[in-house]
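> pasted the sequence and its predicted model underneath.
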Amino acid sequence: MAVGKECVTWYEGRWHKGSAPIINAADHAAWLGSTVFDGARQFEGVRPDLPLHAERIVNSARVMGMIPPVDADTVLGLMAEGCTHFAPEAELYIRPMMWAREGTPGIIDIDPASTGFAICIETLPMPKPGDHALTVSPYCRPRPDMALTKAKAGSLYANNGRIMAEARARGFHNALSLDHEGHVAETASTNVFMVRGGEILTPVPNDTFLNGLTRQRVIKLLRAEGYTVTEASLTVEDFRTADEIFTTGNIARVMPVARLDDRRFAATPVADRVRAIYWDYALSGPRRPRGTAPGRTPGAAAWPRPDPDPRRPCGREPPRRAATRGPLRAAAGRVGSARAGSRRSGGGHRPRGDALARGRPGDGASARRRLCRIRAYPRGPRSAGAAGHGHGAGGGALRDLLHGLEQRLHARPLAGGRGLPRAWRHLG
């Protein structure tokens with residue numbers, strides 16, 4: 001589901017315009033919900049705490065038992081790069097995601113090494129303060145021994161979704177949800193604070209809800225401003241008798257609450273001040289330079305890049321015949337031409353195998369089958385012109401062919417034969 005009108009997706013080594021398909025029908029995540037995600041923001045040219053969001057998506061994947069295919073620095077660089085596809089002042093929702101593709105023989109548990117990775121960036125306006133109304137949900141947050149509550153896991157949001165849906169059906173924007181002991185935990189999508197007698201209170205983290213990055217940032221900022229902020233076990237009655245209530249989260253950052261059930265707050269001076277303090281902090285951070293062309297940003301070439309996963313081409317795979325026989329026939333033709341050239345000129349002609357090196361849509365999906373069939377091609381004859389390499393022209397073509405195939409297989413570069421099966425190292 002796209003939440004914005006404009007969208008770009010990073011998947012398999014490049015940016016795609018729009019909401020690109022990334023999960024296949026048989027993937028573990030598609031039917032067993034093994035996904036994690038994060039949500040950062042760009043507004044007014046800044047992206048507050050973006051490195052922390054990059055670190056959290058990697059940590060969430062590990063909590064879920066996945067092996068992250070990229071590190072936090074790579075996620076950070078790609079998120080910043082993706083934002084340059086939009087105007088500098090665009091209001092964006094930046095969502096990195098990881099998910100499991102395969103299970104084990106036990107079916108329902110994940111294969112940790114099968115983790116997929118993508119980033120989706122969408123336009124999403126920042127909500128404005130207004131008549132934000134809360135109620136109390138009949139549904140509770142799970143205990144940490146019942147769910148993976150320390151991860152920002154997609155599977156947790158089925159419960160959050162029903163909390164939100166029930167509240168909206170009764171005319172509210174969101175709802176307070178309780179933990180298993182009857183204390184307020186958070187809302188369906190945000191952390192929550194209350195003000196009483198000049199003191200700011202918020203539910204103490206007890207692993208039943210996510211200790212949000214914006215929550216942590218707001219607490220630090222408020223304490224630096226001299227406010228007393230207390231983390232405590234709070235009841236619904238505490239919130240009903242509070243002077244003010246406000247929420248923190250990724251979508252709106254800081255949002256004053258105008259109403260809790262039938263009680264309306266006449267004014268929210270502390271919540272308004274908290275919002276102003278956070279905005280001052282956010283706008284003091286680094287900004288994207290005005291005039292930077294979409295798709296380009298200073299220093300982008302220095303950022304690390306995740307390697308594409310050749311098993312999942314973006315979009316529909318071509319039929320098997322088109323994905324395998326065409327490249328093999330072309331490769332065989334190149335090898336034959338190389339031999340003929342070697343006999344006529346004494347060697348030295350080395351076709352580059354560009355067609356396979358560049359790749360075609362779907363080549364990665366069948367590259368393993370093609371690589372296994374390379375053994376059918378014999379070595380090229382030695383020649384004086386190729387003596388410096390120890391191989392004839394045919395051998396050079398086969399080496400280049402294998403190099404192209406290994407690129408499609410996400411193998412290591414061919415350096416001294418590394419990355420090839422031992423039986424084939426005579427080709428290099």
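Sure, I can see it.

> so which residues of the stretch 151-300 of the chain form strands?
174-178, 184-187, 191-196, 199-203, 229-232, 244-249, 253-256, 259-260, 263-264 (DSSP state E, counting those that start in this stretch).

> check which helices and strands the second one sits against.
In terms of contacts (3 or more Cβ pairs under 8 Å, 6 or more residues apart in numbering; DSSP states H and E), strand 184-187 is packed against strand 174-178, strand 199-203, helix 236-240. Just so you know, the C-beta spots here come from the backbone N, C-alpha and C atoms, and that holds for glycine as well.

> quick one: the strands of the stretch 151-300 of the chain as TSV, columns for distance to Ala90 and mean pLDDT too.
As requested, the strands of the stretch 151-300 of the chain are exported to TSV (distance: least, Cβ to Cβ, whole Å; pLDDT from 0 to 100):
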stretch	distance to Ala90	mean pLDDT
strand 174-178	26	98
strand 184-187	27	98
strand 191-196	26	98
strand 199-203	31	98
strand 229-232	33	98
strand 244-249	20	98
strand 253-256	16	98
strand 259-260	31	98
strand 263-264	34	97
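
> one step back: could you identify which of the helices and strands packed on strand 184-187 is most buried?
strand 174-178 (a mean of 24; mean count of other Cβ atoms under 10 Å).

> alpha carbons of it, as PDB, please.
C-alpha atoms of strand 174-178 as PDB (Å, rounded to 0.1, in the frame of the first residue of the first chain):
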ATOM      1  CA  ASN A 174      -6.200   6.900  18.100                       C
ATOM      2  CA  ALA A 175      -6.400   5.100  21.500                       C
ATOM      3  CA  LEU A 176      -4.500   4.400  24.600                       C
ATOM      4  CA  SER A 177      -3.600   0.700  24.900                       C
ATOM      5  CA  LEU A 178      -2.800  -1.100  28.200                       C
END
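
> what's the neighbour count on the closest residue to Asp111 other than its chain neighbours?
Of all residues beyond its chain neighbours, the one nearest Asp111 is Glu102 (4.0 Å), with distances taken as Cβ to Cβ, 6 or more residues apart in numbering. Glu102 has 17 neighbours, counted by other Cβ atoms under 10 Å.

> pLDDT score assigned to Glu102?
The model reports Glu102 with a pLDDT of 98.

> other SSEs contacting the strand or helix carrying Ile119?
Under DSSP states H and E, the secondary-structure element containing Ile119 is strand 115-123. Under the contact definition 3+ Cβ pairs under 8 Å, 6+ apart, strand 115-123 sits against strand 7-11, helix 72-83, strand 92-100.

> which residues touch the residue lying closest to Asp71 once chain neighbours are set aside?
In space, Asp71 comes closest to Val58 once its chain neighbours are excluded; the distance is 6.5 Å by Cβ to Cβ, 6+ apart. By Cβ atoms under 8 Å, 6 or more residues apart in numbering, the contact list for Val58 reads Pro68, Val70, Asp71, Ala72, Val75.

> show the buried residues in these.
Buried subset of the contacts of Val58 (neighbour count, 16 or more other Cβ atoms under 10 Å): Pro68, Val70, Ala72, Val75.

> leaving out the residues flanking it, which one is nearest to the last one?
Taking Cβ to Cβ, 6+ apart as the measure, Val75 lies nearest to Ala54, with 4.1 Å between them; neighbours along the chain are not counted.
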